[in-house]
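Novice: next input, structure requested:
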Amino acid sequence: MSLAGSDTDRPNIVLLHCHDLGRHLHCLGAATVRTPHLDRLAAESVVLEQMFATAPQCSPSRASLFTGRWPHANGVLGLTHRGFAWDLHPAERHLAALLHDHGYATEMVGVHHESRRVSDEQLAGRLGFDRVRTGGMAETVAQRGVEALERLAAAGRPFYLQAGFIEPHRLPGARDAAGTMGFIGDHMEPDSERGVAVPPYLVDDGPAREEIAELQGAIEYMDRGAGRILDAIDRLGLARNTVVVFTTDHGLALPRAKCSLYDPGTEVAFMLRYPARGWGGGRREDALLSNVDVLPTLLELTGAHTEGPPLHGRSFLPLLDGEPYEPAQQVFTEMTFHDYYDPRRAVRTRRHKLIVNFSSAPGFMDPTQSWNRRCRAVDANPYPNTEAHPDHELYDLLDDPHELVDLAADPAHAHVLRALADQLHTWMTTTDDPLLRGAVTSPLHRRSSLMLAGQA
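Specialist: As a prediction, this is how the structure comes out:
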């Protein structure tokens, strides 16, 4: 057996993550999706069924996952690539840096989207990785992940490996019809072997079924890549003392999911396997959790020190250990920028959700990256992509799980609205949310202002 991670106080950590998945895995109820490798991992893990992202978009959610802090506090209020250019504040510490300071070897392969895009060498220095190799489709990421595991296993130190898959993000391909961007690029195939199930918040018709088949194919392709890394962990004798985490950044890249604060936009798959500590057996927990809680949990597990700004997340280590744990009564979610400025904040309990909107943007942002949309939302509003959303929205998640009936104006729910508004305002105040001080401007706004002033 390898010496790597032989100190059980400092287990190895392999964190696998992907784009735009939500909870769309066979093991989490998506009956027509083929994910045998992640299904097996779920059967060997503790599955956290009510984990939510802090934000329904790539960069802000990942920034919370890897810093334990809210997007509006860590600096990543929007996308980090190209001209969007949001970035972690200089004082923010990435999980890799905190573990590196604790004696861990640290590597990253595949998707990076939690800080401003720079070269791999600059990224390693900024975030605390010994080695970084970004880019690549799932097959390439899997191969690089296996190579990293082989190298790390031979080094005799506990290690942290972060492996990110771009799939099932939308990817352009030669087979796309004009005005559309599908899910399969030029390297994947649609998958309808088990049929096609259109999510219930979308209209179930021929174009939607065609698009969902592509999505299912991209998920199956990503699952194969994850399976190669999981197989290598077993082959190298690392499984017992390695924490394996699988998660995603936010919900599916479909209308009323990604880029919205409805549940399909913020729900995420989350499972952890750690045989040496008894985390396994397919145990399922339904405590309300946020991915801002993940970093504090891993730090408590490893004994790594918290350095930098105060953490906003709360460790759920007792929950994983089967010890007494007082679950949160609510989770908070947010969006500020994605393709455009659409500031929104929400609080969700087990029964209700309040969404507060701070601009007159359309009802929900369209994440299809297509002029011609194949999937369409089921919505009482016939023009949800053009008509402005209301000041605030209130939903009863038990009676209306797809959040289609807005109760904000219903006098019978006024007391619920007021209680949730107080909770949301308290959270925004205590975490110093800049929205309470006025509109938030983007890096592009600042750069353009400097250019006009002759300072750029």
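Novice: mind splitting this structure into its structural domains?
Specialist: 12-320, 331-446 (automatic domain parsing).
Novice: can you tell which of these is closest to residue 455?
Specialist: domain 331-446 (10.5 Å; CB to CB). The way it works is simple: take the backbone N, C-alpha and C, and place the C-beta from them, glycine included.
Novice: show the end-to-end separation of that closest one, please.
Specialist: Using CA to CA, to the nearest Å, the end-to-end distance of domain 331-446 comes to 32 Å.
Novice: ok, of the domains of the chain, where does mean pLDDT dip lowest?
Specialist: Out of these, domain 331-446 stands lowest, with a mean of 93 (criterion: mean pLDDT).
Novice: coming back round to it: which one of the domains of the chain is the most hemmed in?
Specialist: Sort the domains of the chain by mean neighbour count, taking mean count of other CB atoms under 10 Å, and domain 12-320 sits at the top with a mean of 21.
Novice: any idea how far it is from the chain center?
Specialist: Computed by CA atoms, centre = their mean, to the nearest Å, the separation of domain 12-320 from the middle of its chain amounts to 6 Å.
Novice: so what pairs up with residue 285 in the strands?
Specialist: Here residue 285 sits in beta bridges with residue 48, going by DSSP bridges.
Novice: an error on my part: the question was meant for residue 160.
Specialist: Beta-bridge partners for residue 160, by DSSP bridges, are residue 13, residue 106.
Novice: what would the domains of the chain look like in CSV with distance to residue 452?
Specialist: Shown next, in CSV, are these (distance: least, CB to CB, whole Å):
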stretch, distance to residue 452
domain 12-320, 16
domain 331-446, 11
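Novice: now do the same contact list for the residue most central in space within the chain.
Specialist: What sits nearest the mean C-alpha location of the chain, by CA atoms, centre = their mean, is residue 249, with 1.3 Å. Residue 249 makes contact with 17, 18, 19, 20, 53, 57, 58, 61, 62, 65, 113, 268, according to CB atoms under 8 Å, 6 or more residues apart in numbering.
Novice: which members of those residues occur in helices, if any?
Specialist: Of the positions in the contacts of residue 249, 58, 61, 62, 65 sit in helices, assigned by DSSP state H.
Novice: distance to residue 32 added to the residues you listed, as a markdown table?
Specialist: Output for those, formatted as a markdown table (distance: CB to CB, whole Å):
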| residue | distance to residue 32 |
| --- | --- |
| 58 | 25 |
| 61 | 26 |
| 62 | 28 |
| 65 | 28 |
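Novice: contacts only, for the nearest residue to residue 31 once chain neighbours are set aside.
Specialist: Once flanking residues are discounted, residue 31 sits nearest to residue 197: 6.2 Å by CB to CB, 6 or more residues apart in numbering. The neighbours of residue 197, taking CB under 8 Å, 6+ apart as the test, are 30, 31, 32, 212.
Novice: next: residue 204.
Specialist: Under the criterion of CB under 8 Å, 6+ apart, the contact list for residue 204 reads residue 198.
Novice: secondary structure of residue 332: a helix, I assume?
Specialist: No. Secondary structure of residue 332 (DSSP: H, G, I helix; E, B strand; the rest coil): strand, not part of a helix.
Novice: wait, residue 60 touches residue 76, no?
Specialist: Yes. Residue 60 is within contact range of residue 76, at 5.1 Å (criterion: CB atoms under 8 Å).
Novice: okay, and the common contacts of these two?
Specialist: Common neighbours of residue 60 and residue 76, using CB under 8 Å, 6+ apart, are residue 86.
Novice: for the stretch 301-450 of the chain, what spans make up the strands?
Specialist: 331-337, 341-348, 352-357, 392-396 (DSSP state E, counting those that start in this stretch).
Novice: quick revisit: distance to residue 417 for the contacts of residue 197 - can I get that in JSON lines?
Specialist: Below are the contacts of residue 197 laid out as JSON lines (distance: CB to CB, whole Å):
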{"residue": "30", "distance to residue 417": "33"}
{"residue": "31", "distance to residue 417": "36"}
{"residue": "32", "distance to residue 417": "37"}
{"residue": "212", "distance to residue 417": "35"}
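Novice: would a markdown table of these with secondary structure and distance to residue 437 be doable?
Specialist: Formatted as a markdown table, these follow (DSSP: H, G, I helix; E, B strand; the rest coil; distance: CB to CB, whole Å):
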| residue | secondary structure | distance to residue 437 |
| --- | --- | --- |
| 30 | coil | 41 |
| 31 | coil | 47 |
| 32 | coil | 47 |
| 212 | helix | 42 |
